[in-house]
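Novice: need a 3D model of the sequence below.
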Amino acid sequence: MTDSLREKQSAALSSLLAAVGLTAFKMIVGLLTGSLGILAEAAHSGLDLVAAALTFLAVRFSGRPADRTHNYGHGKVENLSALAETLLLLITCVWILMEAIHRLRFHREAIQVTVWSLAVMVTSIVIDVSRSRMLGRMARKHRSQALEADALHFQTDVWSSAVVIAGLAGVKFGLWWADAVAAIGVSVVVVWVSVQLGRRTIDGLLDTAPAGMVEQIAAVVSAVPGVRDCHHVRLRYSGPMLFIDLHVLVDGKQTLLEAHTLTETIETAIREIAPQSDVTVHPEPF
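Specialist: You can find the predicted model right below:
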């Protein structure tokens, strides 16, 4: 196992263990106090648990090398994991919104705001800040879309937990509807995250090229001495690896060894702006 894969798996596992503890803590406090906001957060953390488990499995599986049936490796598993996480989030939002609207319209629920109510949410914020920073750092270091999605997810958990605390404070001051409104606020945050995550996931599955990267690579390659023109640049991600195919116009009178040396120079220039890349250069004579 490479150091990169080991670090990614360690980050995913720590996120999974944190999700287990937070889900159990929120569920117990939510049931004891009757707070829909905390129960909504418990459901949200339950999805975090599922998402963290999916991310852990995806990181392990995506790290497998390319084989005879998967020539570009197994990196797309990370995109599938993110897509599953998006669908789970949207399903939960529907349930939370229906229950919150029901309470506001028909059923006034007695809610107990205790020290434990606030303690569980403050604990959640502290843990979510810590693991979102850790996951974000690992995602940037290893260019992992799965870890990046988890980091974004937990950043919004911090804001949703703050909304729930505000709702509990409103109930404490006599605003019985504040908890249900806070639950709706949590749902709005989760829907926003789901849309952003879903868009990124679909882009990855459809091999959408990173914005501006084609032009940047063409400019870098065209500046290499001996290259007359760079065209037909194609990019696709498979997990953290960026696969790059391109055509270049070069002197047709040079030897095969000289042409090969030039393509290696081109690959080196590209890896200065795309370190984790697999480059294929097709030279054409002019």
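Novice: tell me the SS of residue 242?
Specialist: Of the three states, residue 242 takes strand under DSSP: H, G, I helix; E, B strand; the rest coil.
Novice: do the same with residue 235
Specialist: Quick answer, by three-state DSSP: residue 235 is strand.
Novice: show me what contacts it?
Specialist: By Cβ atoms under 8 Å, 6 or more residues apart in numbering, the contact set of residue 235 is 209, 210, 213, 214, 217, 242, 243, 244. From N, CA and C alone the C-beta is placed, and that goes for glycine too.
Novice: out of these, which is nearest to residue 259?
Specialist: Proximity of the contacts of residue 235 to residue 259, judged by Cβ to Cβ, is greatest for residue 244, which lies at 18.3 Å.
Novice: pretty sure the closest one contacts residue 276?
Specialist: No: applying Cβ atoms under 8 Å as the test, residue 244 and residue 276 come out as separate, 10.8 Å apart.
Novice: of these two, which one has the most company?
Specialist: More neighbours sit around residue 244 than around the other of residue 244 and residue 276, counting by other Cβ atoms under 10 Å; the figures are 22 against 13.
Novice: quick check: nearest residue in space to the more buried one, chain neighbours excluded?
Specialist: Sequence neighbours aside, residue 279 is the residue nearest to residue 244 in space, at 4.8 Å (criterion: Cβ to Cβ, 6 or more residues apart in numbering).
Novice: who are the packing partners of the helix or strand that contains that neighbour?
Specialist: Using DSSP states H and E, residue 279 maps to strand 277-285. The helices and strands touching strand 277-285, judged by 3 or more Cβ pairs under 8 Å, 6 or more residues apart in numbering; DSSP states H and E, are strand 241-250, helix 256-271.
Novice: need the ones you listed in CSV with distance to residue 230, can you?
Specialist: Conversion of the helices and strands packed on strand 277-285 to CSV gives the following (distance: least, Cβ to Cβ, whole Å):
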stretch, distance to residue 230
strand 241-250, 5
helix 256-271, 8
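Novice: deepest in the core, which of these is it.
Specialist: Mean neighbour counts were compared across those using mean count of other Cβ atoms under 10 Å; the top stretch is strand 241-250, at a mean of 19.
Novice: who's in contact with that one?
Specialist: In this structure, residues lying in contact with strand 241-250 by Cβ under 8 Å, 6+ apart are 72-73, 75, 210, 217-218, 221, 226-237, 259, 262-263, 266, 270, 274, 276-286.
Novice: which residue comes closest to residue 155 once chain neighbours are left out?
Specialist: In this structure, residue 155 finds its nearest non-sequential neighbour in residue 132, 4.6 Å apart by Cβ to Cβ, 6+ apart.
Novice: quick one, what contacts that neighbour?
Specialist: Taking Cβ under 8 Å, 6+ apart as the definition of contact, the neighbours of residue 132 are 151, 152, 154, 155, 157, 158.
Novice: so how far is residue 220 from it?
Specialist: In this structure, residue 132 and residue 220 are separated by 33 Å, where distance is defined by Cβ to Cβ, to the nearest Å.
Novice: before we move on, back to that, now the angle from the strand holding residue 279 to helix 256-271?
Specialist: Here strand 277-285 points in a direction 140 degrees away from that of helix 256-271 (axes from the mean of the first three to the mean of the last three Cα atoms, to 10 degrees).
Novice: okay, buried residues for strand 277-285 please.
Specialist: 277, 278, 279, 281, 283 (16 or more other Cβ atoms under 10 Å).
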